[in-house]
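Q: just to be clear, the model below is a prediction. Sequence and coordinates:
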Amino acid sequence: MKTLIVIVLFALGLSGCNTKSKKITCTLELPENVHKVVYGYNDNRISEVEYSLSLSFEAYGIENTDVEEKSLFFESLISAFGSIYGESYITHTESEEYFTIVVSMPINKDTVETFKQTDIVYIDEDNTVNLKKTIQAHESHGYVCSK
């Protein structure tokens with residue numbers, strides 16, 4: 001009986017290894033900003049998305065030393081992204097040259113409607129996100145995707 005339990009647990013452990021989430025990254029670099037999308041997926045279906053947008057202060061005419069202007073810029077971006085995705089999914093960072101806003105969301109029945117309103121993922125009729133079609137769409141818009 002103990003041997004059977006060990007074999008079953010071992011088999012379950014092996015099957016869990018096969019469904020481990022993989023990641024693929026798509027990047028679009030423009031002079032004024034960098035878009036990066038990291039997809040977590042299993043079996044060609046996307047389960048989570050992390051989208052980041054890094055904006056160059058210089059390209060938007062913002063002096064790196066102007067704290068008030070940068071603060072207004074940050075607040076307007078966070079508000080815009082928050083109205084689309086929900087503020088609980090948003091973080092942001094700042095470096096010398098860039099402000100980066102990050103949206104990190106699982107894809108599930110509660111968030112799939114939000115993603116239908118964006119061009120970050122390709123959603124099939126059964127409300128699942130198709131990795132292959134999403135990557136093809138990104139590459140057709142100039143993104144470089146790598147595993």
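A: Now that the structure is in, tell me what you want to look at. What you see is a predicted model, and the numbers here were worked out from it, not measured in a lab. Numbers count the residues shown, from 1 in each chain.

Q: lowest-confidence helix or strand of this protein?
A: Sorting the helices and strands of the chain by mean pLDDT, DSSP states H and E puts helix 2-18 at the bottom, at a mean of 37.

Q: and Asn42, how many neighbours?
A: Neighbouring residues of Asn42 were enumerated by other CB atoms under 10 Å; the total is 13. For glycine as for every other residue, the C-beta is placed from the backbone atoms N, C-alpha and C.

Q: what's it sitting at in phi/psi?
A: Asn42 has phi and psi values of phi -130, psi 140 when expressed as degrees, to the nearest 10.

Q: ok, what's across the strand from His35?
A: Each beta-bridge partner of His35 is listed here, defined by DSSP bridges: Leu28, Leu53.

Q: the one 4 residues further on now?
A: Residues in a beta bridge with Tyr39, per DSSP bridges, are Ile24, Val49.

Q: ok, now which ones touch the residue nearest the centre of the chain?
A: With distances taken as CA atoms, centre = their mean, the chain has Glu50 as the residue nearest its mean C-alpha position (1.8 Å). Glu50 makes contact with Val37, Val38, Gly40, Val102, Val103, Ser104, Met105, according to CB atoms under 8 Å, 6 or more residues apart in numbering.

Q: who touches the second one in this structure?
A: Going back to what we said before, that points to Val38. Going by CB under 8 Å, 6+ apart, Val38 touches Lys23, Ile24, Thr25, Val49, Glu50, Tyr51.

Q: point out where the protein drops to low pLDDT.
A: Confidence mapping of the chain against pLDDT under 70 gives the ranges 1-20.

Q: the same query, at a cut-off of 80, please.
A: Confidence mapping of the chain against pLDDT under 80 gives the ranges 1-21, 44, 64-66, 96, 117-119, 127, 147.

Q: for it, what spans make up the strands?
A: When assigned using DSSP state E, the strands of the chain occupy the ranges 22-29, 33-42, 45-56, 90-94, 98-106, 144-146.

Q: so which of those strands comes closest to Thr65?
A: With distances scored as CB to CB, the stretch of the strands of the chain nearest to Thr65 is strand 90-94 (12.8 Å).

Q: next, the buried residues of the closest one.
A: The neighbour-count check on strand 90-94 (16 or more other CB atoms under 10 Å) flags Ile90 as buried.

Q: all good on my end, thank you.
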